[in-house]
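Peer 1: Provided below are the primary sequence and the corresponding predicted coordinates.
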Amino acid sequence: MAGSDWTCSLSAMHEWESQDYEPSLPVSEKSNPLTRDIDRASAKCIVRMLQACDAQMFQEETGATYQRLLGERVVETVVEVAKRVQLVLKDPQDSLVVLSGCGTSGRMAFLITSAFNRALRELNQSSVYSYIIAGGDRALLSSQEAPEDDPKLGMLSLKKACEGKKRVLFIGISCGLSAPFVAGQLDFCLQHPEVYTPVLVGFNPAHQARDEPMPGCTFTFRSVVQRMQELAKSQKAFLINPAVGPEAISGSSRMKGGSATKILLEVVLSAAHAATFTNTPVTHKGILQHMRAYEKTLDKTYAQTDGITALLEAAGQSLLCGRRVCYMGWGSLALLGLIDASECIPTFGADYEDVRGFVSGGYKELNNNEGPLISLGPDFCIAHEDFLHLILPSLNDQDIVLLVYTHSDDVSEVAELARRVREKTSNLHAIYHRVDGDTAAAVQQEDFNKLCLSSLKITWPSPASESLLHMQWELSTKLLLNAVSTGAHVLKGKIYQNHMIDVQVTNSKLYCRATRLLRKLSGCPESQCEEALLKAIYEVDELTVGITSCDITTHTLTARNRSKVVPLALVCLLTGCSLVEAESRLEQQPIFSGGTSSTMLVCVM
Ligand code: S6P
């Protein structure tokens, strides 16, 4: 595969839809047949694979097993939810639209509510949108996986956010229909229908919603979904849950899950704004048109295969040398950089120094609920000034700096920063969005190009709507940065087939994923795999009753302070050796980093 060209067959594109394909797993956890060999692919093939995976978001529904983004039912529900938002906009007094989720879903909630509140402010209207992210604002910039498991925390944070409100449209986002935090919130809404109308956004069919018991609850995510399905018949609750196909890296819902969330909710809120402020009624056709605009965004972005490949190779090279990738962004595109960087920690077991994002204007630009988070430590220093003081002095040519901006940003400020960076590293690159016909910016850009090793320039047609253009830039940037950070970690050897092996076991979803992965890779029975995992978590060769009688929450809390538990458990399962021996084997031959994982897996065996 390496070096050879990659073309995806039609059957690989649809294989995951077969009833027999990994039947015990929901779509969001299945492994994507398109990326089975991503760990051995060249940079260019990786880009093509990611493109094919993303394209699955827009596959037509005709003949498909699952309902899809562009399908009749999904579009109809989007129309209805947009009308509910419109009601709130018309009569905002004592009303609220709350978007809530965990991890990436919470970050998308933040991004979308920020953009639409800004739009309201520009129209001299009061804000009606609010976001909730499990773990609070620190979770916008760092991995906080444990609060996801707490349904009560979800319920309490919703209650607090809605104090005094008489009417709340609650939009709970859980790509896998799995987060207990969101289930707790939806259950609360169902118990208080006089105030709350619940909407669930996710990317599995309802029958695949998670059915495991949750601590202190009589309901499961699935039972909540079933109650909502019943109420959906009379439009007292709404479910928007098209399938978008398995993620390129199994379970990594930051990718398509995050993108599809952004698409759906922006379509909903834009339609509601247009209906309220420009008298454009919410229609099926209008919704579909907006979604098609995002499909074109995908095509336009991935048309830059060579540019993305170059970025991915450069970033991969930096990570392989143990050096940094820095995203320097302006405006909301910078927030996508912050988000992408923060997700590398839980997704690839990366160090927070490996990939970092910085935003011009720092927390002023972020405008988050809790304000500046600098007191939480250096990893929460996010302004360009922080980069100049804390990071720039130690940079060299092996560190890659990526500027992310658009023609509406202050290009002279971008150029000034570029010059400062060039004094320390020549490994400077740019992602730049511009509008067709903007000749002044084009001339400025020519000079600027000379400073950059590569410049990925996307020219967009003159827009019918500024806000749509902005949303397209954001999605395009999200796809580009996701591709760069995912591809770079694949090239670093962090992925085996299309699985992240060194997964952090910091919540119940990840605990179950880890056990499943061990089973798949070792071929051992599930009980034996769970035992091996627990031994690695508790650092013992024999399990005591004290350990086995603890619940998953205790296991995941303990795992928070451990590293490489899944690789360790795997080595033990494959070789039958003790933990100490497994540790020394991993030290000599770090199977899942710094090379072709598959060959190294064989080495350890
Ligand atoms: C996924 C990301 C996670 C998820 C979070 C919520 O790539 O690392 O943080 O966003 O677990 O998942 P879900 O299915 O409830 O949206």
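Peer 2: Sure thing, it's come through. These numbers were taken from a predicted model, which means no experiment stands behind them. Numbering: from 1, shown residues only.
Peer 1: got the contact list for the closest residue to the ligand within the stretch 451-600 of the chain?
Peer 2: When scored by Cβ to the nearest ligand atom, the stretch 451-600 of the chain has residue 509 as its residue closest to the ligand, at 6.0 Å. No exception for glycine: its C-beta is placed from N, CA and C like everyone else's. By Cβ atoms under 8 Å, 6 or more residues apart in numbering, the residues touching residue 509 are 148, 176, 178, 179, 210.
Peer 1: pull out the buried members of these.
Peer 2: 148, 176, 178, 179, 210 (16 or more other Cβ atoms under 10 Å).
Peer 1: biggest separation within those residues, which pair?
Peer 2: Pairwise distances across the buried ones among the contacts of residue 509 peak at 11.6 Å for 148 and 210 (criterion: Cβ to Cβ).
Peer 1: which residue is nearest the centroid of this protein?
Peer 2: residue 254 (1.7 Å; Cα atoms, centre = their mean).
Peer 1: tell me which element that one falls in.
Peer 2: Residue 254 is part of no helix or strand, with elements assigned from DSSP states H and E.
Peer 1: give me the nearest residue to it, chain neighbours excluded.
Peer 2: residue 104 (4.1 Å; Cβ to Cβ, 6 or more residues apart in numbering).
Peer 1: shouldn't that neighbour be in contact with residue 257?
Peer 2: Yes - using Cβ atoms under 8 Å, residue 104 makes contact with residue 257 at a distance of 6.6 Å.
Peer 1: find the residues that touch each one of these two.
Peer 2: residue 175.
Peer 1: the residue of the stretch 451-600 of the chain closest to the ligand sits in which helix or strand?
Peer 2: Assigned by DSSP H and E, residue 509 belongs to helix 508-522.
Peer 1: give me the buried positions along that helix.
Peer 2: 508-519, 521-522.
Peer 1: could you give the mean pLDDT of it?
Peer 2: Helix 508-522 comes out with an average pLDDT of 94.
Peer 1: quick check: next helix or strand after that helix?
Peer 2: helix 526-538.
Peer 1: how far off centre is that next one?
Peer 2: 28 Å (Cα atoms, centre = their mean, to the nearest Å).
Peer 1: contacts for it next, please.
Peer 2: By Cβ under 8 Å, 6+ apart, the list of residues contacting helix 526-538 from outside reads 505, 511, 514-515, 518-519, 522, 524, 541-543, 547-548, 555, 558-559, 562, 564-566, 568-570, 572-573, 579.
Peer 1: check which residues of stretch 388-408 are buried.
Peer 2: Buried residues in stretch 388-408, counted by 16+ other Cβ under 10 Å: 391-392, 395, 399-408.
Peer 1: tell me the secondary structure of residue 131, please.
Peer 2: Secondary structure for residue 131, judged by DSSP: H, G, I helix; E, B strand; the rest coil, is strand.
Peer 1: these two touch, right, it and residue 105?
Peer 2: No - if you go by Cβ under 8 Å, residue 131 and residue 105 don't touch, sitting 10.4 Å apart.
Peer 1: more neighbours: those two, which one.
Peer 2: Set residue 131 next to residue 105 and count neighbours by other Cβ atoms under 10 Å: residue 105 wins out with 28 against 25.
Peer 1: for the helix or strand hosting the more buried one, give the mean pLDDT please.
Peer 2: Assessed by DSSP H and E, residue 105 sits inside helix 104-122. Across helix 104-122, the average pLDDT comes to 97.
Peer 1: how about the helices of the stretch 151-300 of the chain, start to end?
Peer 2: 151-161, 180-191, 221-232, 256-277, 284-302 (DSSP state H, counting those that start in this stretch).
Peer 1: burial measure for residue 573, as a count.
Peer 2: The burial count for residue 573: 22, using other Cβ under 10 Å.
Peer 1: now residue 296
Peer 2: Using other Cβ under 10 Å, the number of residues around residue 296 comes to 13.
Peer 1: what about it, distance to the ligand?
Peer 2: Relative to the ligand, residue 296 is positioned 25 Å away (Cβ to the nearest ligand atom, to the nearest Å).
Peer 1: kindly report the same for residue 102.
Peer 2: Taking Cβ to the nearest ligand atom, one finds residue 102 at 4 Å from the ligand.
Peer 1: surely that residue and residue 176 touch.
Peer 2: No - using Cβ under 8 Å, residue 102 is not in contact with residue 176, being 10.1 Å away.
Peer 1: contacts only, for the closest residue to the ligand within the stretch 101-250 of the chain.
Peer 2: Proximity of the stretch 101-250 of the chain to the ligand (Cβ to the nearest ligand atom) peaks at residue 103, 2.0 Å away. The contact partners of residue 103, by Cβ under 8 Å, 6+ apart, come to 134, 139, 143, 144, 145, 148, 253, 254, 343, 346.
Peer 1: would TSV of the residues you listed with pLDDT be doable?
Peer 2: Listed next are the contacts of residue 103 as TSV, based on pLDDT from 0 to 100:
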residue	pLDDT
134	98
139	96
143	87
144	88
145	84
148	95
253	97
254	98
343	94
346	86
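Peer 1: also near the ligand: which of the residues you listed, exactly?
Peer 2: 148, 253, 254, 343, 346 (Cβ under 6 Å from any ligand atom).
Peer 1: which one of these sits closest to the ligand?
Peer 2: Once Cβ to the nearest ligand atom is applied, the member of these that ends up nearest the ligand is residue 254, at 3.3 Å.
Peer 1: helix, strand, or coil at residue 404?
Peer 2: Assigned with three-state DSSP, residue 404 falls in the strand class.
Peer 1: for the remainder of this discussion, apply numbering that starts at 200.
Peer 2: Fine by me, first position is 200 from now on; the one you just mentioned is residue 603.
Peer 1: isn't it right next to residue 616, touching?
Peer 2: No - using Cβ under 8 Å, residue 603 makes no contact with residue 616, being 11.4 Å away.
Peer 1: what touches both of those two?
Peer 2: Taking Cβ under 8 Å, 6+ apart as the contact rule, residue 603 and residue 616 both touch residue 527.
Peer 1: let's see the pLDDT reported for the nearest residue to residue 699 once chain neighbours are set aside.
Peer 2: Once flanking residues are discounted, residue 699 sits nearest to residue 448: 5.8 Å by Cβ to Cβ, 6+ apart. Looking at residue 448, its pLDDT reads 97.
Peer 1: residues touching residue 448, list them.
Peer 2: For residue 448, the contact set (Cβ under 8 Å, 6+ apart) comprises 234, 237, 454, 546, 685, 689, 694, 697, 698, 699.
Peer 1: again, only this time at 10 Å
Peer 2: Residue 448 makes contacts with 230-231, 234, 237-238, 249, 252, 454, 546-547, 681, 685, 688-689, 693-694, 696-699, as judged by Cβ atoms under 10 Å, 6 or more residues apart in numbering.
Peer 1: before we move on, back to that, from residue 303, how far off is the residue of the stretch 650-799 of the chain closest to the ligand?
Peer 2: Distance, residue 708 to residue 303, using Cβ to Cβ, to the nearest Å: 13 Å.
Peer 1: adding mean pLDDT, write the helices of the stretch 350-499 of the chain out as CSV.
Peer 2: Below are the helices of the stretch 350-499 of the chain laid out as CSV (pLDDT from 0 to 100):
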stretch, mean pLDDT
helix 350-360, 97
helix 379-390, 98
helix 420-431, 98
helix 455-476, 98
helix 483-501, 97
